[in-house]
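Asks: From the sequence below, what's the structure:
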Amino acid sequence: MTSAPVVQVLVVEDEPVAAEAHRAYVDRTPGFATAAVAATGAQALDALARLPVDLVLLDVNLPDTSGLELCRRIRAAGAQVDVLAVTSARELATVRAAAALGVVGYLLKPFTYPALRDRLAGYAEYRARLRAGGDAAGQDDVDRVLGGVRPSRPAPLPKGMGRETLDAVVAALRAAGGGLSAAETAELIGASRITARRYLEYLADTGLVARAPRYGGTGRPELEYRWR
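Replies: Presented below is the predicted three-dimensional model:
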């Protein structure tokens with residue numbers, strides 16, 4: 001029996017920490033390999049013109065264009081690739097626009113390796129079913145094919161972390177406009193400073209948040225966290 005070909009993935013992400021994490025996640029997943037990493041829309045289009053790519057992991061916020069506009073240009077060029085949005089963009093209008101452009105999934109940052117692995121595994125199953133050809137036996141068969149790339153279960157987080165608290169921390173940082181300390185974040189979300197710091201450090205480690213010392217007071221400077 002012939003094995004399925006390796007899925008070649010183009011990672012489009014301008015934040016170096018996140019780009020490296022996504023590349024590593026892809027290469028850890030059996031049946032997938034990173035074809036290239038692009039930090040801008042222009043680099044992504046160049047890679048698509050030069051390399052065989054099956055799937056694009058697309059950030060919506062890019063320095064030279066929006067990911068949605070890049071997706072439109074990919075579709076207009078007739079490139080036979082699928083797009084999985086991996087982004088911090090939470091606006092429902094953006095989600096709707098991405099769906100209209102035919103993305104096979106929309107994964108919110110931050111996410112762990114298992115979250116992306118599950119999406120990639122579902123995508124591999126989706127490709128295998130399409131490659132097999134034939135007709136769907138019925139509605140259940142159609143739902144199984146499409147459900148593989150749009151799983152309904154929530155994406156897993158590190159042990160001990162909750163989605164509701166993470167969303168509250170993200171919302172506080174995005175609304176702040178400037179930087180917040182762990183103590184300030186804790187007060188805004190109604191949690192302990194230790195809890196707030198853990199979530200802030202997780203966001204910083206995934207590249208979504210910049211952290212830097214805050215000077216000006218007495219004693220040791222405290223860390224300040226700012227949404228990128």
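Asks: Can you get me a residue count around Ala210?
Replies: 14 (other Cβ atoms under 10 Å). Bear in mind the C-beta positions are built from the backbone N, C-alpha and C, glycine included.
Asks: what's the closest non-adjacent residue to it?
Replies: Nearest residue to Ala210, sequence neighbours excluded (Cβ to Cβ, 6 or more residues apart in numbering): Arg226, at 4.9 Å.
Asks: Now do the same for that neighbour: helix, strand or coil?
Replies: strand (DSSP: H, G, I helix; E, B strand; the rest coil).
Asks: so where do the strands sit in the protein?
Replies: For the chain, the strands defined by DSSP state E occupy 7-12, 32-38, 55-58, 82-87, 105-108, 209-214, 222-227.
Asks: At the geometric centre of this structure, which residue sits there?
Replies: Val86 (2.4 Å; Cα atoms, centre = their mean).
Asks: what's across from that residue in the sheet?
Replies: Assessed by DSSP bridges, Val86 has beta-bridge partners Leu107.
Asks: isn't it right next to His22, touching?
Replies: Yes - here Val86 lies in contact with His22, judged by Cβ atoms under 8 Å, at a distance of 6.7 Å.
Asks: Quick check: neighbours shared by those two?
Replies: 13, 57, 116 (Cβ atoms under 8 Å, 6 or more residues apart in numbering).
Asks: my guess is the last one meets Tyr25, correct?
Replies: Think Leu116. Yes - with contact defined as Cβ under 8 Å, Leu116 reaches Tyr25; the gap is 4.9 Å.
Asks: residue contacts, Leu200?
Replies: Applying Cβ under 8 Å, 6+ apart, the residues contacting Leu200 are 169, 173, 180, 182, 185, 209, 211, 223, 225.
Asks: Adding pLDDT as columns, could you present those in TSV?
Replies: Shown next, in TSV, are the contacts of Leu200 (pLDDT from 0 to 100):
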residue	pLDDT
Val169	92
Leu173	91
Leu180	94
Ala182	94
Thr185	95
Val209	87
Arg211	89
Leu223	91
Tyr225	94
